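> I would like to see how this sequence folds:
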Amino acid sequence: MFGSTRRSSHQEPRLAAVTMVRDERVMLPRWLAHYGGECGGADHLYVIDDNTSDGSTDDLPCSVIRIPSWGDKHFEQTRMRMVSRIAAGLLEAYDAVLFADADEFLVADPERHDGLVDLLRKREQAPALGAQALNVVHDARREPQLDPDQQVLGQRRWAKFIPLMCKPSLKRTTEPWVAGSHGLTIPFGIDPDLYLFHLKFAERDHLRTTGDHRKALADAEGRAAATTWQFAGDDLVALLDEITRYVDPDEVAPYRTRPRVLADIVREGEGGHFRAHGRRQFHAMRSQPMVSVPERFWGRV
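Okay, the predicted model is just below:
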């Protein structure tokens, strides 16, 4: 599988998608369907199973890599080394690889590209592409619970642009991801045609359940202590309710790409690593204006 199988320049680039999950019964089926469509089938999807106990990684149509507990090793550093090394191996067989959490969905602007592979073909010289990140939110006063049989965008129409989460999710280089996949060891830019839709806040009840589960893992195992895993479900739901409470839908403008803003997001940080900068997620969710998801993305996630 990992032999030298680089395709010639006239062929479409081959893309693999990788995620790492633990108990993602709700989001993982959406991830598989989305990236299966983007990558040309489930054969090109790789799920790293971090001790799932809810059965959500059983009998999947893609490759599943089951790993044992890594004990008291630093969670984020260990996770990124593992993901980056698996991705480097896949690049012996693929032209590009993406890493996205189970609630993260990369979309190439449908007005300009026919999916991620088409975007890659047009950006053949770029070693890595950063995505502009939109946290999709649930306004529980106006929007019902998600229909699991329908795409999220369209059911959910509001979002917050989060500069810190503009990740280099798609890459051709074997240079490793760092800072929880928010950075690389080489420079990269935020592509104005690549979007990352983050669905963590897209369903109020699921947000509470997931928050409580992750907080319990963080408390029991000491993992991800510096991330939003430290917040319980009630804290996350309170934030969601706060940012949607006083918004006037008639005053919410569609999100639009601002190239000058995107050009200033990625900076060199400690250790020579490059990553997007901005307020941490809680602060950004409060301070960034609410925007609407442009209609051209409805039904894409």
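> going forward, measure contacts between C-alpha atoms and count neighbours the same way
Fine.
> How about the contacts made by H182?
164-169, 275-276 (C-alpha atoms under 8 Å, 6 or more residues apart in numbering).
> Just give me the closest of those to H113.
Ranked by distance to H113 (C-alpha to C-alpha), those are led by S169 at 17.5 Å.
> doesn't A96 make contact with the closest one?
No - look at S169 against A96 with C-alpha atoms under 8 Å: they stay out of range, at 10.5 Å.
> what's L240 sitting at in phi/psi?
According to degrees, to the nearest 10, the main-chain angles of L240 amount to phi -60, psi -50.
> any idea how far A276 is from it?
Using C-alpha to C-alpha, to the nearest Å, L240 is found at 23 Å from A276.
> Of these two, give the one with the bigger neighbour count.
The neighbour comparison of L240 against A276 (other C-alpha atoms under 10 Å) goes to A276, with 26 against 23.
> from what I can see that one touches C166, true?
Yes - with contact defined as C-alpha under 8 Å, A276 reaches C166; the gap is 6.0 Å.
> re the thing from before, let's see the PyMOL selection covering just the buried ones among the contacts of H182.
To isolate the buried ones among these in PyMOL, judged by 16 or more other C-alpha atoms under 10 Å, type:
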select buried, resi 164+165+166+167+168+169+275+276
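> can you tell me which two in the contacts of H182 are farthest apart?
The most widely separated members of the contacts of H182 are L164 and S169, with 13.0 Å between them, by C-alpha to C-alpha.
> what about R141, which SS state?
Classification of R141 using DSSP: H, G, I helix; E, B strand; the rest coil returns coil.
> lowest average confidence, helix or strand, in this structure?
One helix or strand of the chain scores below all others by mean pLDDT, DSSP states H and E: helix 204-221, with a mean of 88.
> ok, and what's touching stretch 67-82?
The contact list for stretch 67-82 (C-alpha under 8 Å, 6+ apart) reads 48-51, 176-181, 221-224.
> so L129 bridges to which residues?
L170, G189 (DSSP bridges).
> and the gap between it and L196?
11 Å.
> hang on, the earlier thing: is it possible to get TSV of the contacts of H182 that adds secondary structure and distance to L91?
Formatted as TSV, the contacts of H182 follow (DSSP: H, G, I helix; E, B strand; the rest coil; distance: C-alpha to C-alpha, whole Å):
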residue	secondary structure	distance to L91
L164	helix	27
M165	helix	24
C166	coil	23
K167	coil	19
P168	coil	16
S169	coil	14
R275	strand	22
A276	strand	24
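> pLDDT below threshold where in this structure?
The model of the chain has pLDDT under 70 over residues 1-10, 71-73, 223-227.
> In space, not sequence, find me the middle residue of it.
Nearest residue to the geometric centre of the chain (C-alpha atoms, centre = their mean): E104, 2.9 Å.
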